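> Okay, predicted coordinates and the sequence, questions at the end:
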Amino acid sequence: MSWDQALGAIIMVLSIAVIIAYAYFLLNYPIIVLEITALIAVVVLLGILAWIGFTLMTTPAPKPVEAPEEEKQGK
């Protein structure tokens, strides 16, 4: 088994384990789990928006594209 296949298997098993654990906690502690889930969703969404804003703020503006010399002379 290659490293990529092993990594894929590990991700699959961990994902299924998290699904089972989430379902268990949701059935036993619904309010707390839903509050935590909503908090994580909001934090991730606003974190992505903050990252986009930071990237836009710190990226220099592109230089304007000039027309080729032939178009400037009217040919």
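Structure received.
> Could you name the helices and strands sitting against the lengthiest helix in the chain?
When the chain is parsed with DSSP state H, its longest helix is helix 30-58. On a contact count with 3 or more C-beta pairs under 8 Å, 6 or more residues apart in numbering; DSSP states H and E, helix 30-58 meets helix 3-28. Every residue, glycine included, has its C-beta placed from N, CA and C.
> what's near enough to touch the most centrally placed residue in the chain?
In the chain, the residue lying closest to the centroid (C-alpha atoms, centre = their mean) is residue 48, at 6.6 Å. By C-beta atoms under 8 Å, 6 or more residues apart in numbering, the contact set of residue 48 is empty.
> Off-centre distance for the longest helix of the chain?
Here helix 30-58 is found 10 Å from its chain centre; the criterion is C-alpha atoms, centre = their mean, to the nearest Å.
> I'd like the average pLDDT over that helix.
Averaged over helix 30-58, pLDDT sits at 97.
> ok, residue 9 - contacts?
Going by C-beta under 8 Å, 6+ apart, the list of residues near residue 9 reads residue 1.
> mind checking how far residue 35 is from residue 29?
10 Å (C-beta to C-beta, to the nearest Å).
> again, but for residue 15
Taking C-beta to C-beta, one finds residue 15 at 21 Å from residue 29.
> Quick check: buried residues in the longest helix of the chain?
Using 16 or more other C-beta atoms under 10 Å as the test for burial, helix 30-58 gives residue 33.
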